[in-house]
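Trainee: predicted structure and sequence below. I'll ask about it afterward.
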Amino acid sequence: MKAFFTIINNLDRRIIFLAMVVAVIWPLVTPLALPVKITPNTQSSFDVIDKLNPGDRIILSFDYDPASSPELQPMAKAVMTHCYRKDVKMIAVALWPQGPMMAKKAFESLAGEAEFSGKKYGVDFVNLGVQPSYVAVVKGMGDSIPGVFPTDFFGGKTTDFEIMKGIKNYRDVAAIFSLTTGSAGIGTYVTIANAQYKTTVTGGCTAISSLEYYPYIQSKQLSGLVEGLKGASEYERLVKKPGLATAGMDVQAVVHMMLIFFILLANLSQAIAGKQK
């Protein structure tokens, strides 16, 4: 026993660093799918989509940039997976300049999967891009969505797409799902689309900004909220398709357990070494 704790006290710190590297890589290569409790806010957001009928159309707003994509891109893919399986059509818009590219990447990543090989751009999903002045955009869509977005992100005429047939304004969409990282996003849709046009609004956000949306949930203006990477992992569990969010939460759990183990081991070793002295 004495020899063991002597070894621990003299352990090369590079061994600990190597153990941490393994703890990070292992769950990413082979997701452990550790148990995750589904929070009521994530469940409510999931239910908004789950209650829609095949053929219903929603606005999926990509209101974030690459810096927030580790939390919000897995969330976007989980929501799109849910919509595809329900045959709910998605009209992607953006209030952030980088949003259309995030939408493009999410669509392309799912289009490469066998399960969704039959889904078509312009029929099941369309990317309308971004327009300046987000408040004016959200308010303008209450009058005319094609008027605010006359062409899609690639230059095609909006009204020519099958998914846009019969779509004029918020009254023609079943819900709005905003993926938000800053001021432009959920709050804007709640105060305009929900308050003025009574459109159902739900969404997801980065973990650090979730608290500011709680008053909207309490007032029933916001129907659920997917919060950060943990919320994204919960949504992946609900659609039964573990992905990067689930792997990310596995990494956090394994690293935290390893840190606790090393802290306890180091303190125990020091305590025993002190007694022996």
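Mentor: That came through fine.
Trainee: quick one: average pLDDT of the longest helix along the chain?
Mentor: Ranked by residue count and defined by DSSP state H, the top helix of the chain is helix 244-276. For helix 244-276, the mean pLDDT works out to 75.
Trainee: likewise for stretch 71-87?
Mentor: Stretch 71-87 comes out at a mean pLDDT of 96.
Trainee: confidence score at the nearest residue in space to R85 that is not next to it in sequence?
Mentor: Once flanking residues are discounted, R85 sits nearest to V239: 7.2 Å by Cβ to Cβ, 6 or more residues apart in numbering. (C-beta placed from N, C-alpha, C; glycine too.) Here the pLDDT value assigned to V239 is 94.
Trainee: tally of neighbours for V239?
Mentor: 21 (other Cβ atoms under 10 Å).
Trainee: isn't it up against H82?
Mentor: Yes. With contact defined as Cβ atoms under 8 Å, V239 reaches H82; the gap is 5.0 Å.
Trainee: give the contact list for the residue nearest to R85.
Mentor: Listed by Cβ atoms under 8 Å, 6 or more residues apart in numbering, the contact set of V239 reads 78, 81-82, 85.
Trainee: and these as JSON lines, adding neighbour count, secondary structure and distance to L259?
Mentor: Converted to JSON lines, the contacts of V239 look like this (neighbours: other Cβ atoms under 10 Å; DSSP: H, G, I helix; E, B strand; the rest coil; distance: Cβ to Cβ, whole Å):
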{"residue": "A78", "neighbour count": "29", "secondary structure": "helix", "distance to L259": "28"}
{"residue": "T81", "neighbour count": "21", "secondary structure": "helix", "distance to L259": "33"}
{"residue": "H82", "neighbour count": "20", "secondary structure": "helix", "distance to L259": "34"}
{"residue": "R85", "neighbour count": "15", "secondary structure": "helix", "distance to L259": "38"}
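Trainee: what's the closest of those residues to T206?
Mentor: Closest approach to T206 among the contacts of V239 (Cβ to Cβ): A78, at 15.4 Å.
Trainee: host element of A92?
Mentor: Assigned by DSSP states H and E, A92 belongs to strand 89-94.
Trainee: the residue nearest the centre of the chain sits in which helix or strand?
Mentor: The centre of the chain sits closest to M75, judged by Cα atoms, centre = their mean, with a distance of 2.2 Å. For M75, the host element (DSSP H and E) is helix 69-86.
Trainee: next one: that helix to chain centre, how far?
Mentor: 6 Å (Cα atoms, centre = their mean, to the nearest Å).
Trainee: what residues does stretch 103-121 touch?
Mentor: 60, 62, 73, 76-77, 80-81, 84, 92, 94, 125, 127, 153.
Trainee: hey, C-alpha coordinates of that stretch in PDB?
Mentor: Output of stretch 103-121 as PDB, limited to C-alpha atoms (Å, rounded to 0.1, in the frame of the first residue of the first chain):
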ATOM      1  CA  ALA A 103     -29.100  25.700 -42.600                       C
ATOM      2  CA  LYS A 104     -27.300  24.500 -45.700                       C
ATOM      3  CA  LYS A 105     -24.900  22.400 -43.700                       C
ATOM      4  CA  ALA A 106     -27.700  20.800 -41.700                       C
ATOM      5  CA  PHE A 107     -29.700  20.000 -44.800                       C
ATOM      6  CA  GLU A 108     -26.700  18.500 -46.600                       C
ATOM      7  CA  SER A 109     -25.600  16.400 -43.700                       C
ATOM      8  CA  LEU A 110     -29.100  14.800 -43.400                       C
ATOM      9  CA  ALA A 111     -29.500  14.500 -47.200                       C
ATOM     10  CA  GLY A 112     -26.600  12.100 -47.200                       C
ATOM     11  CA  GLU A 113     -28.300   9.600 -44.900                       C
ATOM     12  CA  ALA A 114     -30.200   6.700 -46.300                       C
ATOM     13  CA  GLU A 115     -33.200   7.400 -44.100                       C
ATOM     14  CA  PHE A 116     -33.800  10.800 -45.800                       C
ATOM     15  CA  SER A 117     -32.600  10.100 -49.300                       C
ATOM     16  CA  GLY A 118     -36.100  10.700 -50.700                       C
ATOM     17  CA  LYS A 119     -36.300  14.200 -49.200                       C
ATOM     18  CA  LYS A 120     -36.000  17.000 -51.700                       C
ATOM     19  CA  TYR A 121     -35.000  20.600 -51.600                       C
END
